[in-house]
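> Got a predicted structure plus its sequence, pasted below:
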Amino acid sequence: MHCTQERRHFSPVMLDTNRPYLPVTEQQERPLQVGFILPPHFSMMAFTAAMDALVTANLVKTVPLFDSRTIAMTETMTLCDLGIEIRCDQTVSELQTTGALPDVLIVCGGYRCSSELDPALNQLLQEADRQGVILGGLWNGAIHLAHAGLLDNTDCALHPENHIFLREHFPKVRITGQAMARNPQRLTSAGPNSALDMMLSLVSETQGQSVTRAVREILNCDQSPEPDQEQAISQIGDDPLLPQKLRDMLQIMAANIEEPISVDELAELVCISRRQVERLFQTHLNTSPGRYYLEQRITHARRLVLQSNDSITNIAIACGFVSTSHFSNCYKEYYGMSPSIAREQAREEKKVA
């Protein structure tokens, strides 16, 4: 295949459970309910990393995708590892009394969190398991799942400080060397960074890859660079785990928002076949090149709609849409409302604030 020199600005679901997740749809009936149990001395950094994924997912859509609540052990106020008191929405006993369990329940541990059996929490976790609630643990929060007998013969990720304890007391639990372990009914992570990845996996399975990519790009913009590189804002095209050809194509797309190029042109620029292009996108991003490109243009358009005073027509042109009506239809399909209504709503919210 003849390789053409660069011609533009290239600078190179529902899960099978007794209590299934909400379907991945543009207009879900209700937000997915996620509860975080916060024992004394819980890791604030791990908790906020997990919460940030859910809050940001809500921001990239016009309808709330997740509804989060915090749960203390005995008193409404609980103390995090930073010495800051946090007021929770309810306690473990109150949650047991109401019986209104969330869809996902996560125990947030920490370096100084107790590893001892807590009878009330143990009872709550076992009842949640009987009801098909998805259960998880952050840092050493998984130990409470092990106490409840809910991690037997299951891969588990937790902080290295707790590996010996878990092996001695719960030999049936399989400790993984990975920072995160995921299966349809269990989520565990070893620390703050993996807590974010764990929740992104939940976002992906319940809301789809497009929402997950948007969240990841917002939250991972300041990833640490390689030692010999200057620190710069990172984009998904900078991800060193992706194949170089795919990274090149993502950078080409990012540089050609106003004048989108075809998949055939993209393939020619990186010297591979169209079939190889499609396979790379499907394998690593779980989408087609056309769909990914549209997502990037719509995401860029949203920033212009909400942050600039430019006309909707000019924004449509700047993002490579053939007409204002086509742009409005695509925007509404993706965000649930037209760009003009989204701008008006944002301005009203600013006035109230």
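Looks like it arrived, so ask away.
> Report the distance from the lengthiest helix in the chain to the chain centre.
Secondary structure of the chain read by DSSP state H shows that its longest helix is helix 289-307. Helix 289-307 has its C-alpha centroid displaced from the chain centroid by 18 Å (CA atoms, centre = their mean, to the nearest Å).
> can you check stretch 108-116 too?
How far stretch 108-116 lies from its chain's middle: 24 Å, per CA atoms, centre = their mean.
> Flag every buried residue along it.
Neighbour-count burial for stretch 108-116, counted by 16 or more other CB atoms under 10 Å, picks out 108-110, 113. Placement of C-beta: from N, CA and C, glycine included.
> nearest to residue 272, of those?
Of all the buried residues of stretch 108-116, residue 272 sits closest to residue 108, with 44.6 Å by CB to CB.
> Could you check how far the closest one is from residue 98?
Residue 108 is 21 Å from residue 98, where distance means CB to CB, to the nearest Å.
> surely residue 339 meets residue 311?
No: using CB atoms under 8 Å, residue 339 is not in contact with residue 311; the gap is 10.2 Å.
> Who has more neighbours out of these two?
Shown here are residue 339 and residue 311; by other CB atoms under 10 Å, residue 339 has more neighbours (23 against 11).
> Now do the contacts for the more buried one.
By CB atoms under 8 Å, 6 or more residues apart in numbering, the contact set of residue 339 is 301-302, 305, 312, 315, 327-328, 331.
> of those, buried ones?
Among those, those scoring as buried are 301-302, 305, 312, 315, 327-328, 331 (criterion: 16+ other CB under 10 Å).
> In CSV: those residues, plus pLDDT and distance to residue 346.
As requested, those are exported to CSV (pLDDT from 0 to 100; distance: CB to CB, whole Å):
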residue, pLDDT, distance to residue 346
301, 89, 14
302, 87, 10
305, 88, 8
312, 92, 13
315, 92, 14
327, 93, 17
328, 92, 16
331, 90, 13
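> Adding distance to residue 49 and pLDDT, write the buried residues of stretch 108-116 out as a markdown table.
As requested, the buried residues of stretch 108-116 are exported to a markdown table (distance: CB to CB, whole Å; pLDDT from 0 to 100):
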| residue | distance to residue 49 | pLDDT |
| --- | --- | --- |
| 108 | 10 | 97 |
| 109 | 13 | 94 |
| 110 | 13 | 92 |
| 113 | 16 | 92 |
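> residues in contact with stretch 67-86?
By CB under 8 Å, 6+ apart, the residues outside stretch 67-86 that reach it are 30-44, 47, 51, 54-55, 87-93, 95, 102, 110-112, 118, 120-121.
> Show me what counts as buried in it.
By 16+ other CB under 10 Å, the buried positions in stretch 67-86 come out as 68, 70-73, 78-81, 86.
> Next step: the residues you listed restricted to strands.
Cross-referencing the buried residues of stretch 67-86 against strands under DSSP state E gives 68, 70-72, 78-79, 86.
> ok, these vs residue 319, which is closest?
Using CB to CB, those come closest to residue 319 at residue 68, 32.3 Å.
> Which residues does the closest one form beta bridges with?
Note on residue 68: beta-bridge partners by DSSP bridges are residue 34.
> Residue 294 and residue 301: what is the separation?
Separation of residue 294 from residue 301 (CB to CB): 10 Å.
> Check residue 250 too.
Separation of residue 250 from residue 301 (CB to CB) stands at 18 Å.
> Distance to residue 59 added to the contacts of residue 339, as JSON lines?
What follows is those, written out as JSON lines (distance: CB to CB, whole Å):
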{"residue": "301", "distance to residue 59": "16"}
{"residue": "302", "distance to residue 59": "11"}
{"residue": "305", "distance to residue 59": "14"}
{"residue": "312", "distance to residue 59": "21"}
{"residue": "315", "distance to residue 59": "20"}
{"residue": "327", "distance to residue 59": "21"}
{"residue": "328", "distance to residue 59": "21"}
{"residue": "331", "distance to residue 59": "16"}
